[in-house]
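1. Let me see the structure of the following:
(chains A and B)
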Amino acid sequence: TQLLEQSPQFLSIQEGENLTVYCNSSSVFSSLQWYRQEPGEGPVLLVTVVTGGEVKKLKRLTFQFGDARKDSSLHITAAQPGDTGLYLCAGGPYNQGGKLIFGQGTELSVKP
Amino acid sequence: NAGVTQTPKFRILKIGQSMTLQCTQDMNHNYMYWYRQDPGMGLKLIYYSVGAGITDKGEVPNGYNVSRSTTEDFPLRLELAAPSQTSVYFCASSYSLNTEAFFGQGTRLTVV
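-> Sure, this is the predicted structure:
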């Protein structure tokens, strides 16, 4: 059973299109993080959202944490080929100590 | 600062052999994690530690063991290697559960 469900798992789009990646759970999280991973490398943090309903922007990327702290989304505006990579959500389930678990990832390909 | 250092980078094991994957961090982080990542997938938590002397099971602990005798080091032991343990292994550390997790470069393990 996947505690953090990401969708879609694969996304192939043209440069300039918009996209949204979802991260859902039936559990409450104290925070959710989004990472990006390049081939052959470890994941690198993009953002952490902590407060229910919180919205954070990072240039063309917009992150939202659900009001109930069970879900999050990543929206990319006007995608560029440089956005290509594996996007992962991660979080610590509430009251489960120091566990940091990851979703299964969204493989994004942006074609010029 | 070196960050999180994993060794070795690559290893081929025969079925039934054992080995230790080394992980050390120089950021004085309390939290440390071991993950495995299969091709095109997200990261599965094997074991984690919230401080020296404290370890706990993650999502997929079977076939692995860990120890945390110092803040800096968090080795992962594979006993009786099986083909199902062929994967890329990542070690990570963080100051707390809600702060950025820093990853090592990964160890690509093949069991034949």
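2. Let me see the contact set for A:Q6.
-> Neighbour list for A:Q6: A:21-24, A:87-89, A:103-106, B:42 [criterion: C-beta atoms under 8 Å, 6 or more residues apart in numbering or on different chains]. Where C-beta positions appear, they are placed from N, C-alpha and C, glycine not excepted.
3. Contact residues of chain B facing chain A?
-> B:4, B:31, B:33, B:35, B:40-45, B:48-50, B:56, B:58-59, B:90, B:92, B:94, B:97-101, B:103-106 (C-beta under 8 Å from any C-beta of the partner chain).
4. From the contacts of A:Q6, which land in strands?
-> A:21-24, A:87-89, A:106 (DSSP state E).
5. Just give me the closest of these to chain B.
-> A:L88 (5.6 Å; C-beta to the nearest C-beta).
6. Can you report how many residues lie near the residue in chain A that chain B sits nearest to?
-> Residue nearest to chain B within chain A: A:G42 (2.8 Å; C-beta to the nearest C-beta). A:G42 has 23 neighbouring residues, counting by other C-beta atoms under 10 Å in any protein chain shown.
7. now swap in A:A68 and tell me
-> 11.
8. residues in chain A within reach of chain B, list them.
-> A:6, A:30-31, A:33, A:40-45, A:48, A:50, A:88, A:90, A:92, A:97-105, A:107.
9. What subset of these is buried?
-> Listed as buried from the residues of chain A next to chain B are A:6, A:31, A:33, A:42-43, A:45, A:48, A:88, A:90, A:92, A:98-105, A:107; burial here means 16 or more other C-beta atoms under 10 Å in any protein chain shown.
10. can you give me the strands for chain B?
-> So, for chain B - with DSSP E - the strands run B:4-7, B:10-13, B:19-25, B:31-37, B:43-51, B:54-57, B:64-66, B:76-78, B:87-94, B:102-103, B:107-111.
11. CSV for these, including mean pLDDT?
-> Formatted as CSV, the strands of chain B follow (pLDDT from 0 to 100):
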stretch, mean pLDDT
strand B:4-7, 96
strand B:10-13, 97
strand B:19-25, 98
strand B:31-37, 97
strand B:43-51, 96
strand B:54-57, 96
strand B:64-66, 98
strand B:76-78, 98
strand B:87-94, 97
strand B:102-103, 96
strand B:107-111, 97
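12. For those, state which one has the densest average packing.
-> strand B:31-37 (a mean of 26; mean count of other C-beta atoms under 10 Å in any protein chain shown).
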